[in-house]
Structures are given as structure tokens and as C-alpha cells.
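J.: I'll drop the sequence and a predicted model, then ask my questions.
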Amino acid sequence: MTKPLVAYFSCTGTTERLAKALSAQVGADLYRIEPATPYTPADLNWRDDNSRSSVEMRDPQSRPGVAGEPLDLIEYDVIYLGAPIWWGVPPTIVNTFLETHDFSGKTIVPFVTSGSSGVGETDARLRASCSEQTGWRPATRLDSATSPDQLRLWAESA
Ligand SMILES: Cc1cc2nc3c(=O)[nH]c(=O)nc-3n(C[C@H](O)[C@H](O)[C@H](O)COP(=O)(O)O)c2cc1C
């Protein structure tokens, strides 16, 4: 029997809260994508053209480092992948995470949180970092107020 995995990146806790509730609802393991260099509040200032996040997100090829060893995916067939929206797409560190693992034969179910934006180019941007043998469900924007029951229903239908 395999179980699902919820892998997520979160800087200010919104995606993390949903990821934790989702993992509890579907009996999944939880994995936090950790940046090699943590993001400070100044790094996240989108009003500053020179902040780390602004600089990284202006370059779709940027690949901020992830901390730790690659995750062993052998146990998992389904990976729920959570991320915030930064400038209309997930942060490029999520591409780093995808590109440092092999998801062939597995299915990724992406979800995003945002202030108000929809999923935008999330699917195209993230899929490009996975092998062609990776199963993919279209990304969903989950409201920060999504209840545990709603999360379970979403996961069951995704
Ligand atoms: C650098 C940066 C860029 C953002 N860009 C957008 C955006 O384009 N659209 C939007 O609706 N929200 C945007 N937000 C808000 C985040 O998507 C939102 O707060 C998200 O839920 C944060 O998730 P987290 O708490 O898990 O880090 C941005 C936040 C940051 C830090």
C-alpha cells in the first residue's frame, strides 16, 4: 500500500496551514520544502524591485537552492504539491524541488494559495520541471479559509 504525500513550500504560513490540514484529512505524509537560505520579510517585499523574491521571480530560470537531501519518493504514488502564488506563478524554488526529484510514474496534484490571483501559469511552469511520464492534475487555488472537510472533498475529487 502506498500513501499520498503532501509536499509544500510556504513562507508566511497560509499554504502550510492548508498542507497540514490536508495531510491529516487524507492520511498523507507531510514534507516541507526548505530553502537553503531562508526568506526574510525583506526578501518577500514585492514592492521592492530589488528584493530577493522580486529578483528571483523576474527570472523564470532562477533556481533558488533547497536545503537537505532529496526526498525518497519510493513510497508515494500521489503527491499533493502546495505553494503560494508569487507574481502570478509559484516561486521558482518549487521548480528546484521538482527538478531535483524524479516523479515519473507518479501523479502530482498542485494547489496554490494567493492574495487573490488564480492559478495563472502554474501548470505550465511546474510541469515543465517534471518528466513527461509524470501524471498531472490541473492546479487548484484553495482559499485560506478552506475547511478540513472541503479539503478532503477536494482531494477525493482531484
Ligand atoms: C513575493 C510575493 C509575491 C506575491 N504575488 C502575488 C500575486 O501575484 N497574486 C496574489 O494574489 N498574491 C500574491 N502574493 C500573496 C501570496 O500569494 C499569499 O499571501 C500566499 O497565501 C502566501 O502563502 P504562504 O503564507 O504559504 O507563504 C505574493 C506574496 C509574495 C511574498
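T.: Right, received. Where do you want to start?
J.: show me where this protein has strands.
T.: With DSSP state E as the criterion, the chain has strands at 5-8, 29-32, 78-84, 107-113, 135-136, 140-141.
J.: for those, give me TSV that also has mean pLDDT and distance to the ligand.
T.: Quick note: C-beta positions are derived from backbone N, CA and C, even for glycine. Output for those, formatted as TSV (pLDDT from 0 to 100; distance: least, C-beta to the nearest ligand atom, whole Å):
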stretch	mean pLDDT	distance to the ligand
strand 5-8	98	8
strand 29-32	97	11
strand 78-84	98	3
strand 107-113	98	3
strand 135-136	98	21
strand 140-141	98	9
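J.: dump these to JSON lines, plus distance to Asn95.
T.: Output for the strands of the chain, formatted as JSON lines (distance: least, C-beta to C-beta, whole Å):
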{"stretch": "strand 5-8", "distance to Asn95": "13"}
{"stretch": "strand 29-32", "distance to Asn95": "16"}
{"stretch": "strand 78-84", "distance to Asn95": "10"}
{"stretch": "strand 107-113", "distance to Asn95": "12"}
{"stretch": "strand 135-136", "distance to Asn95": "15"}
{"stretch": "strand 140-141", "distance to Asn95": "19"}
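J.: mind putting the ones you listed into CSV with mean neighbour count?
T.: Shown next, in CSV, are the strands of the chain (neighbours: other C-beta atoms under 10 Å):
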stretch, mean neighbour count
strand 5-8, 25
strand 29-32, 16
strand 78-84, 24
strand 107-113, 22
strand 135-136, 14
strand 140-141, 16
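J.: out of those strands, which gets nearest to Thr122?
T.: Across those, Thr122 has its closest neighbour in strand 107-113 (5.8 Å, C-beta to C-beta).
J.: burial count for Thr15?
T.: 24 (other C-beta atoms under 10 Å).
J.: correct me, but it touches Thr113?
T.: Yes. Contact criterion C-beta atoms under 8 Å: Thr15 and Thr113 qualify, at 4.8 Å.
J.: need the residues touching each of those two.
T.: Contact criterion C-beta atoms under 8 Å, 6 or more residues apart in numbering; residues shared by Thr15 and Thr113: Gly82, Ala83, Pro84.
J.: for the last one, what are its contacts?
T.: By C-beta under 8 Å, 6+ apart, the contact list for Pro84 reads Phe9, Ser10, Cys11, Thr12, Thr14, Thr15, Pro90, Pro91, Val112, Thr113, Ser114.
J.: enumerate the residues of this structure near the ligand.
T.: Where the chain comes near the ligand, counting by C-beta under 6 Å from any ligand atom, the residues are 10-16, 44, 46, 53, 84-88, 113-117.
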